[in-house]
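Peer 1: what follows is a predicted structure for the sequence shown.
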Amino acid sequence: MRRLISLCTALCMLLLCACGGTALGSSAPTEPSNSIAPLTKPSSGGDSGFSDVPAGAWYAEAVAWCRENGVMSGTSSTQFSPDEPLSRAMIATILWKRSGGPSAAAGTAFADVPAGSWYETAVRWAASQGLMAGYGQHQFGPEDPVSREQLTAVLWKFAGSPDIGDTGDAQDFADAGAISPWARDTARWARSEGLLTGKDGNRLDPQSHATRAEAAVMMFHYFHREAAPDSTAASLLPYDNVYPQHEPYGTGIGAMPGRVVWSYEPDSVDWDGDGYWWELDHFNEPLICQMVNDSIATLAGGDTVQAGWNTLFTAHNAAKGRAGGYQPGQKIAIKANINGSAVYDDDTSGETAMSYTNPVLLKALLLSLVQEAGVSPADITVYDVSRLFPDYMVALCTEGVLQGVRFVDRDTGVADESAPILWSHEFSGRVNYLPTCVTEATYLINLANLKGHSYGITLCGKNHFGSFLNGNAMRPPEGAKLHQWLTRNEMGIYSPLVDLMANADLGGKTVLYMLDALICAPSEGASITAANAKWEQAPFHKDYTSSIFVSQDPVAIDSVGADFLMNEPAVTSRNGALRDDPTVENYLHEAGLVSHAPSGTVYTDSQGHTVSNLGVHEHWNNAAEKLYSRNLGRDEGIELIRIGQ
């Protein structure tokens with residue numbers, strides 16, 4: 001039922017693109033409204049009011065109903081143009097409008113999409129979201145009519161890429177052999193949902209264009225079964241999260257405030273479950289490099305990775321009252337999450353099934369900094385002062401153009417005793433010092449893992465549990481007695497994670513937050529297997545997550561990560577600390593509301609300055625659509641942009 005409702009939303013949006021439409025080759029259509037009028041149940045008949053829709057036509061009742069409900073209007077006051085095709089630009093525009101008119105992602109420009117055209121931003125967005133692809137050689141074909149098979153693929157993707165394997169005994173089309181290979185499953189899905197009934201002889205006629213009349217009938221049939229008198233397209237899918245729904249807390253930060261970019265490329269991971277998850281031949285290094293570069297460009301709202309890095313550094317500096325971007329000689333420290341390596345001993349082989357930073361992703365990030373941002377390898381330090389880096393990882397990330405990159409671990413980290421962490425809440429524990437590689441750096445990059453934890457979740461906020469020294473070499477957080485704040489299962493209590501996010505030398509220096517989600521673990525102590533690392537939710541469908549997330553907003557990226565983890569059965573079925581426990585987001589409420597934290601804590605930056613904003617926190621609208629406030633056209637909140645496939 002939920003999948004059908006999602007489809008209802010998609011179809012409603014699709015057909016709205018006909019509002020004010022014109023025939024191909026005439027003037028551009030009027031851009032559709034963002035709003036969708038309430039839908040009434042279909043009447044038993046009625047005059048459509050269009051001179052080119054005969055009263056007895058097979059589509060007449062559907063057209064009348066669509067006009068009645070404001071779903072489709074005519075191409076003029078008297079003409080409906082039932083045989084006119086819907087163009088690719090029209091569909092892209094209406095889906096973009098319904099998604100809140102988000103900014104266009106980088107790396108999706110097409111040579112045949114003129115700058116400033118009424119559909120430019122929509123086409124770029126639709127391509128970046130994986131809803132519609134180009135034809136190759138940077139061509140999109142905006143004026144091209146949409147074929148019937150293309151329509152099934154677009155709707156399937158917009159409906160959240162639902163599982164096609166459970167379509168039951170949907171009858172195959174007589175011309176199934178004529179359906180393009182990439183559309184065979186989506187055509188079968190569309191038929192099983194009752195969206196396509198086939199033409200004469202049970203033919204899909206896959207390459208023919210979808211007409212306005214056909215689209216009107218599809219809408220009519222769907223709502224005849226499912227519509228309620230008071231239903232609206234904006235509320236067809238209910239909120240389905242364990243976390244309580246609330247308005248955005250805090251204010252988005254970054255070059256594009258509140259933006260989180262999600263790059264998903266299934267071909268980036270190829271592991272059959274044999275051997276260790278981290279073995280290098282399981283990953284497509286060139287593709288992962290492309291994912292990193294495209295993510296940086298998109299996060300900055302630009303077209304190139306070089307411009308993207310400059311924008312991110314410039315925005316970060318501007319927030320700190322400094323002008324310009326990165327300057328040669330400035331040092332960058334990258335906080336990796338090496339939690340699964342050398343946990344109980346000094347073994348630096350990395351031969352464990354537990355999770356730690358993906359070595360290929362780390363290399364891709366380093367290559368982007370060196371080759372695209374112009375940072376000297378000698379000015380980059382990768383660190384985790386609570387663990388030991390695997391030898392193979394160090395070798396991989398210091399060879400060739402990366403020669404000179406430095407690694408600092410618990411054996412080589414040096415405490416800067418002039419930089420103790422000053423917590424905003426009094427509790428017993430050892431004095432904690434930042435390592436010199438952090439205090440000497442101008443910028444930090446927080447490279448965390450998207451994974452569950454025995455305390456619920458561990459994302460960018462908790463990654464800094466490996467950023468301080470206190471004499472307890474194996475377990476600095478235990479020496480600091482921090483875990484007591486993560487095990488109470490309460491909301492409205494102090495969180496040391498917020499202090500770390502606010503710390504002037506940690507969060508205050510961070511130019512980029514990244515979540516490694518190429519292969520995800522259900523918990524920090526779990527051995528990663530093919531079974532527990534394959535996720536069920538769309539778009540993964542029992543495959544690896546094969547993703548990375550980037551943002552300049554630490555609260556936004558952890559909010560997105562929290563939504564993905566809480567709504568993934570592969571994680572929650574194996575992690576009782578997370579399953580059905582909304583209190584794991586306590587630190588996100590404290591961070592989003594940091595100026596008036598629910599606990600009453602006055603958080604400082606460890607240098608005596610009270611913190612008034614750390615970023616924005618909220619939850620997506622539902623697990624199928626994964627839309628946040630800025631995706632829905634609101635002025636504040638998170639904007640999640642998906643790129644890649």
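Peer 2: Here it is on my side, so go on. Numbers count the residues shown, from 1 in each chain.
Peer 1: nearest residue to the middle of the chain?
Peer 2: The centroid of the chain falls nearest to Trp262 when counting by C-alpha atoms, centre = their mean (3.5 Å).
Peer 1: does it sit in a helix, a strand or a coil?
Peer 2: Recorded secondary structure, Trp262: strand (DSSP: H, G, I helix; E, B strand; the rest coil).
Peer 1: tell me the contacts of it?
Peer 2: Residues in contact with Trp262 (C-beta atoms under 8 Å, 6 or more residues apart in numbering) are Ser547, Ile548, Phe549, Val560, Leu640, Ile641, Arg642, Ile643. For the C-beta atoms, the positions are set from N, CA and C on the backbone; glycine is no exception.
Peer 1: same thing but 6 Å
Peer 2: Each residue near Trp262 by C-beta atoms under 6 Å, 6 or more residues apart in numbering is listed here: Phe549, Arg642.
Peer 1: specify the beta-bridge partners of it.
Peer 2: In this structure, Trp262 bridges to Phe549, Arg642 when assessed by DSSP bridges.
Peer 1: quick one: it from Gly452, how far?
Peer 2: Remark: distance between Trp262 and Gly452 (C-beta to C-beta, to the nearest Å) = 18 Å.
Peer 1: cool, Val123 as well?
Peer 2: For Val123, the distance to Gly452 - C-beta to C-beta - is 38 Å.
Peer 1: and the two? which has more neighbours close in?
Peer 2: Each of Val123 and Gly452 has its neighbours counted (other C-beta atoms under 10 Å); Gly452 has more, 31 against 27.
Peer 1: tell me the SS of the more buried one?
Peer 2: Counting by three-state DSSP, the backbone at Gly452 sits in strand.
Peer 1: for it, which non-adjacent residue is spatially closest?
Peer 2: Spatial nearest neighbour of Gly452, excluding adjacent residues (C-beta to C-beta, 6 or more residues apart in numbering): Asn575 at 4.2 Å.
Peer 1: same question, Tyr383
Peer 2: Val408 (4.0 Å).
Peer 1: for that neighbour, give me phi and psi.
Peer 2: Main-chain dihedrals, Val408, degrees, to the nearest 10: phi -130, psi 130.
Peer 1: give me the neighbour count for it.
Peer 2: By the criterion of other C-beta under 10 Å, Val408 has 19 neighbours.
Peer 1: Ser424 versus that one, what's the distance?
Peer 2: Taking C-beta to C-beta, one finds Val408 at 27 Å from Ser424.
Peer 1: do Phe389 as well
Peer 2: For Phe389, the distance to Ser424 equals 31 Å [C-beta to C-beta].
Peer 1: more crowded one of those two?
Peer 2: Taking other C-beta under 10 Å, Phe389 and Ser424 do not tie; Phe389 has more neighbours (27 against 21).
Peer 1: and the next element down the chain from the lowest-mean-pLDDT helix or strand in the chain?
Peer 2: Within the chain, confidence by mean pLDDT, DSSP states H and E is lowest for helix 2-16 among all helices and strands, at a mean of 40. With elements assigned by DSSP states H and E, the helix or strand that comes after helix 2-16 is helix 60-68.
Peer 1: show me what that next one is packed up against.
Peer 2: Judged by 3 or more C-beta pairs under 6 Å, 6 or more residues apart in numbering; DSSP states H and E, the packing partners of helix 60-68 are helix 212-226.
Peer 1: how about 10 Å then?
Peer 2: Here helix 60-68 touches helix 2-16, helix 212-226, going by 3 or more C-beta pairs under 10 Å, 6 or more residues apart in numbering; DSSP states H and E.
Peer 1: any idea how far that helix is from the chain center?
Peer 2: 37 Å (C-alpha atoms, centre = their mean, to the nearest Å).
Peer 1: what do you get for stretch 438-445?
Peer 2: In terms of C-alpha atoms, centre = their mean, the centre of stretch 438-445 is set 27 Å apart from its chain centre.
Peer 1: stretch 482-499 now?
Peer 2: The answer for stretch 482-499 is 27 Å, by C-alpha atoms, centre = their mean.
Peer 1: could you do stretch 638-645 as well?
Peer 2: Centre-to-centre, stretch 638-645 and its host chain are 4 Å apart (C-alpha atoms, centre = their mean).
Peer 1: now stretch 394-404
Peer 2: Relative to its chain's centre, stretch 394-404 lies at 30 Å (C-alpha atoms, centre = their mean).
Peer 1: kindly check the end-to-end length of it for me.
Peer 2: 11 Å (C-alpha to C-alpha, to the nearest Å).
Peer 1: check stretch 370-390 too.
Peer 2: 22 Å.
Peer 1: quick check: mean pLDDT across that stretch?
Peer 2: Mean pLDDT, stretch 370-390: 97.
Peer 1: likewise stretch 334-341?
Peer 2: 95.
Peer 1: next: stretch 558-573.
Peer 2: In this model, stretch 558-573 carries a mean pLDDT of 96.
Peer 1: quick one: it to chain centroid distance?
Peer 2: Centroid displacement of stretch 558-573 relative to its chain, using C-alpha atoms, centre = their mean, is 13 Å.
Peer 1: just stretch 286-304 next, same as before
Peer 2: For stretch 286-304, the distance to the chain centre is 14 Å (C-alpha atoms, centre = their mean).
Peer 1: in it, which of the residues would be classed as buried?
Peer 2: Residues of stretch 286-304 classed as buried under the neighbour-count rule (16 or more other C-beta atoms under 10 Å) are 287-303.
Peer 1: narrow the residues you listed to those in helices?
Peer 2: In this view, those that belong to helices under DSSP state H are 287-300.
Peer 1: from the residues you listed, pick the one nearest Ser612.
Peer 2: Ser612 has its nearest neighbour among these in Leu299, at 23.8 Å by C-beta to C-beta.
Peer 1: rewinding a little: okay, now the residue nearest to Gly452: neighbour count?
Peer 2: By other C-beta under 10 Å, the residues close to Asn575 number 23.
Peer 1: what sits against it?
Peer 2: Asn575 makes contact with 451-454, 456-457, 521-523, 526, 532, 565, 568, 581 under the criterion C-beta atoms under 10 Å, 6 or more residues apart in numbering.
Peer 1: let me know the helix or strand that it is in.
Peer 2: Assigned by DSSP H and E, Asn575 falls within no helix or strand.
Peer 1: distance of Leu361 from Leu506?
Peer 2: For Leu361 relative to Leu506 (C-beta to C-beta), the value is 21 Å.
Peer 1: likewise Ala538?
Peer 2: To Leu506, Ala538 is 35 Å away according to C-beta to C-beta.
Peer 1: not counting sequence-adjacent ones, nearest residue to Leu237?
Peer 2: Of all residues not flanking Leu237 in the chain, Asn622 sits nearest, at 4.6 Å (C-beta to C-beta, 6+ apart).
Peer 1: could you do Phe140 as well?
Peer 2: In space, and not counting its chain neighbours, Phe140 is closest to Phe110: 3.9 Å by C-beta to C-beta, 6+ apart.
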